[in-house]
Structures are given as structure tokens and as C-alpha cells.
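Q: Fold the following, please.
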Amino acid sequence: MKKFLDTVSECIPAVQKEFDEYQKEHFPVRSGEFFCLELNGEAGELANLEKKLWKGKDIAHEDLADEAADVLIALMNYSNVRGINLGEAVRLKLEKIDQKMRELKEKGEEY
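A: Predicted coordinates for the structure are as follows:
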């Protein structure tokens, strides 16, 4: 688990930094509120495709991949404008989840 957490805390910030540089070079400055709304909109579009799949409709894998990419880009942009080190935040969250799983396992419960 430690190796995985180290990789998360090292690699995500490098990617996040590149997203920030790309965003600043190619797009106008936007607020945290904008990127939060954009993130929710993109997640909603992905959820809508999943709903269609759930209903048995044929959705191209490329469409899912495209919307998933939009969600990641919006999350990176949101994190950058809010000064969130996403790698560190994810590492800390995974540690909390791991701790909770261990506590539940000791009680004979599942996460």
C-alpha cells in the first residue's frame, strides 16, 4: 500500500502541474466556482451515458472515455484554481479509507 500511496502523491501533482500550465496558456482565467460547475456538468454528462447503458442502450466506449476525460480535466482545473494538491489529498483520503476498512474488518464488518 505504501508504494501505491507514494506513487499517487508523486505522480498526480506532476500531471496536475502540467494541466495548470496548459490551462493558463490556452484558456482564459476562470474561477473556482466556474470549474466546480463545469466538473458537475461533465460528471452529469458521464452519468447520463451510464444511465443509458443501464437502460440497455448502445453507447460507444469512446463516448464514455471522452466524458471521463472531461471530468478529469475539470477536476484538475478546479484543484489548481483552489490550490489543492490533488496527489496529497488523494493519498490522505486513501489512508483514511484503509484505516476505516481495517477497523470494520476487526468488527467483522465490510466497508
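Q: now Glu109, what's its secondary structure?
A: Following DSSP: H, G, I helix; E, B strand; the rest coil, we place Glu109 in the coil state.
Q: Nearest residue to Glu45 in space, please, no chain neighbours.
A: Leaving aside its sequence neighbours, Glu45 sits nearest to Glu67 (CB to CB, 6 or more residues apart in numbering; 5.1 Å). All C-beta spots, glycine's among them, are computed from the backbone N, C-alpha and C.
Q: Could you do Glu50 as well?
A: Distances taken as CB to CB, 6+ apart place Leu64 nearest to Glu50, at 7.8 Å, with adjacent residues excluded.
Q: how far away is that neighbour from Thr7?
A: 25 Å (CB to CB, to the nearest Å).
Q: cool, and Phe27?
A: Look at Phe27 and Thr7: by CB to CB, they are 29 Å apart.
Q: the more surrounded of those two?
A: Per other CB atoms under 10 Å, whichever of Phe27 and Thr7 has more neighbours is Thr7, with 12 against 9.
Q: That one is in what secondary structure piece?
A: Element membership of Thr7, judged by DSSP states H and E, is helix 2-26.
Q: Many thanks, I have nothing further to ask.
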